[in-house]
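Asker: Pasting a predicted model and its sequence here:
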Amino acid sequence: MTNAKEKRPFMKVAIAAAGLVAALTIAACGSTGGTDNTDVPTAQGGKASGTLNISNWPLYIDEETVNDFEKKTGIKVNYTEDVNSNTDFFGKVQPLLSNGDSGGRSILVVTDWMSQKMWDLGYLQKLDPNELTTVFDNLIPSLQDPAFDPGRGYSIPWQSGMTGLVVRTDLAPDIKSVNDLFDPKYKGKVTMLDELRDSAALVMKGDGVDPTEASTEEWLAAVDKVKQAKEDGQIRRFTGNDYVQDLAKGDVVAAIGWSGDAVQAQADNPNIEYIQPEQGCILWSDNMSIPVGAPNSPAAYEFMNYVYEPENQAQIVEYVNYISPVKGVKEILQKKDPALAESDLIFPSEEFLSKCSNQTSPPGDEAQKKEVENAWLSVVEG
Amino acid sequence: MTTLRRRLVPYGLLGPGLLWLVLFFVVPMVFMGWFSLSSGSLESGWSWTWAFSNYTDAISEYSTQFGRSFLYAGAATILCLLLGYPLAYAIAFKGGRWRNLMLFAVIAPFFTTYLIRTIAWKTILADDSPVVEVLKFLQLVPQDGRVLATSAAVIAGLTYNFLPFMVLPLYASLERLDLRLLEASKDLYASARLTFLKVTLPLTAPGIVAGVLLTFIPAVGDYVNATFLGGTNQSMIGNVIQAQYLVINDYATAAALSFSLMIIIMIAVVLYIRFAGSEALMGDEEEAK
């Protein structure tokens, strides 16, 4: 038996396999088209039962709410904390959603701009207000008509928060304004979030520009300002949630960060404090939505209504320390935990929020948006 | 019967592996290749347009990060070799009955996840950590300087994380070394240094080549070390690809960058094996002569 004889049928198999791959690929590539939301369905209501799969952010619910809900309704809940960042989560679920598959999820929770992006791509179902009576009875007025979803047709707020300054008050007591982050005194001791819509928007506010009204040029100018500071060595790092550890160690004295993180970190280290910038903050909400292809939407409606009962909501707020979108929670907490009820970070007064802007994406068409996003990326990943 | 069976055996053995590679390597690669020459966006969909500009744009825009990746990975590989060779040598020849324990110690960090090990370095290199204080005392780091969030931290992290990939192949080739050859060299009045250069080193060259490849290739594409230990000017090409793909959903640029990286690595490896490694890999043939 020679080697040559052995090889030939082998090659045939290899060629056949290659052909199969090519055929599969061409078939699959043909379906990589764009999507829109002209014909998204409305999530069906009805009698709730069965299993409910929820995707939410880590540390965003107390340990009892899900159990209580299961006991009350008989619905089995798989509550997964698999949303670590809007962009990473989107990257993970996009291939599924573009095929009309939710990966078994009936509720997912993402931030305003990502809710809008998913809606624009046709990945979210319309919500039926008749199924959400508790929600609409208790939703606070300021969140009823956001610019991206007036009347709340596809997104229901989970919690809201502020992007501002998180400061080691013992190491940098004089930081009050966004522009103090650029003080050479704190060179290499400052971090910013790697999210354009948080950091660039806040820096813009420091220069007196309202991000919700800003032009592409103004966004680019803010990105440039950050770039300059980075090149000067002023900014130590661009971070996700991990800026809290840097602050705790004292490697960093001031960061652009999120209010709820600061409340939680302060419990461990009293010197870490959220400072509302003189120029105001960036306000955002994370929203519950029902994705396309979601199984068991009646149970999803049931859950949304459940967490909008003020008593149930108070239990969540007590744990997560973000701003609640539900009316009547403050009154309940005043009895249970007066210190929380008085916190400006959890129940901010109108005055505390007076200068804040809602979080928004850069303006313009796709190309203009992309220009800003690319500019930001090359700063963050420089 | 038996001949048929004998003919089918190689297919049976190769089949599962081949299928695995075709499904999980070749198919995704073809997809990536398709994306890398497409234009469009998530909103409007992607279409195949022979957009070679994806490659030229991506490479010119991110040449710094490409260069940096090769620099960091190269530095880490050299450091791994400098640390790993004496280590593997000591374990193989001087380990005695501690040999297995020492090998275990080399592999032990693998029992902890990569991520945790890297994040632990943030504590080790924190601004007021003992390590940094000592470095400052030795004037290796300026008084107002830092280690974390610098290139040094990223290279240190890479070196630490990939050291076992260097040590294990080195150990395997050192352990197989025929000690009689070293004795022969000594008998012929070669100095210890000459013995090492003329006998030990050439005979363990396959281990060096394997170790260098196993360290360098994953290190070039790494992004975890730069994410946690780097600062604002330490992003490697892996970080850019991750951000292009997941942050701004520019799949075409991400795919073009991935392919470029792959091609550059392939060229580098081929050149390396040709020049540095040919003697090592051809060693068998020369022996046969």
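Answerer: Good, I have the coordinates.
Asker: which ones are touching A:Lys185?
Answerer: Residues in contact with A:Lys185 (CB atoms under 8 Å, 6 or more residues apart in numbering or on different chains): none are found. Where C-beta positions appear, they are placed from N, C-alpha and C, glycine not excepted.
Asker: Distance of it relative to A:Phe238?
Answerer: A:Lys185 sits 21 Å away from A:Phe238 when distances are taken as CB to CB, to the nearest Å.
Asker: Repeat that for A:Asp170.
Answerer: Distance check for A:Asp170 against A:Phe238: by CB to CB, it reads 24 Å.
Asker: between those two, who's got more neighbours?
Answerer: With other CB atoms under 10 Å in any protein chain shown as the criterion, A:Asp170 and A:Phe238 differ in neighbour count, and A:Phe238 comes out ahead with 25 against 13.
Asker: On the three-state scheme, the more buried one is what?
Answerer: Using DSSP: H, G, I helix; E, B strand; the rest coil, the secondary structure recorded for A:Phe238 is strand.
Asker: does the longest helix seen in chain B come close to chain A?
Answerer: Among the elements of type helix in chain B, defined by DSSP state H, the one spanning the most residues is helix B:63-89. Yes - looking at helix B:63-89 against chain A by CB under 8 Å from any CB of the partner chain, the contacts come from B:64-65.
Asker: and that helix, which residues are buried?
Answerer: Within helix B:63-89, the residues that qualify as buried by neighbour count (16 or more other CB atoms under 10 Å in any protein chain shown) are B:65-66, B:68-70, B:72-77, B:79-81, B:84-85, B:87-89.
Asker: Who are the packing partners of that helix?
Answerer: Under the contact criterion of 3 or more CB pairs under 8 Å, 6 or more residues apart in numbering or on different chains; DSSP states H and E, helix B:63-89 touches helix B:151-175, helix B:205-221, helix B:237-246, helix B:251-275.
Asker: ok, now with 7 Å
Answerer: Counting by 3 or more CB pairs under 7 Å, 6 or more residues apart in numbering or on different chains; DSSP states H and E, the packing neighbours recorded for helix B:63-89 are helix B:151-175, helix B:205-221, helix B:237-246.
Asker: That helix vs helix B:205-221, what angle?
Answerer: Interaxial angle, helix B:63-89 versus helix B:205-221 (axes from the mean of the first three to the mean of the last three CA atoms, to 10 degrees): 140 degrees.
Asker: helices or strands next to the helix or strand that helix B:63-89 is followed by in the packing?
Answerer: Toward the C-terminus, helix B:63-89 is succeeded by helix B:99-107 as the next helix or strand (DSSP states H and E). Here helix B:99-107 is seen to pack against helix B:151-175 when contacts are counted using 3+ CB pairs under 7 Å, 6+ apart.
Asker: The residue lying closest to B:Leu261 once chain neighbours are set aside and B:Phe66: what is the separation?
Answerer: Counting by CB to CB, 6 or more residues apart in numbering or on different chains, B:Ile237 is the residue found nearest to B:Leu261 once chain neighbours are left out, at 5.7 Å. For B:Ile237, the distance to B:Phe66 (CB to CB) stands at 5 Å.
Asker: Next one: whichever helix or strand B:Met29 is part of, is it in contact with chain A?
Answerer: Element membership of B:Met29 [criterion: DSSP H and E] is helix B:27-36. Yes - Helix B:27-36 lies within reach of chain A by CB under 7 Å from any CB of the partner chain, at B:27, B:30-31, B:34.
Asker: Buried ones among the residues you listed?
Answerer: The neighbour-count test (16+ other CB under 10 Å) marks B:27, B:30-31, B:34 as buried among the residues of helix B:27-36 next to chain A.
Asker: Going by distance to chain A, which of those residues wins?
Answerer: Nearest to chain A among those is B:Val30, at 4.5 Å by CB to the nearest CB.
Asker: Would you mind giving me the confidence score for the closest residue to chain A within the stretch 1-150 of chain B?
Answerer: In the stretch 1-150 of chain B, the residue found nearest to chain A is B:Gly45; the distance is 3.0 Å by CB to the nearest CB. Per-residue confidence (pLDDT) for B:Gly45: 81.
Asker: That one: how many residues sit nearby?
Answerer: Burial of B:Gly45 is recorded as 14 neighbouring residues (other CB under 10 Å).
Asker: Next, give phi and psi for it.
Answerer: With angles defined as degrees, to the nearest 10, B:Gly45 sits at phi 90, psi 170.
Asker: Can you tell me how far it is from B:Ala252?
Answerer: Distance, B:Gly45 to B:Ala252, by CB to CB: 12 Å.
Asker: So for B:Val132, what's the nearest residue that isn't a sequence neighbour?
Answerer: B:Val147 (5.2 Å).
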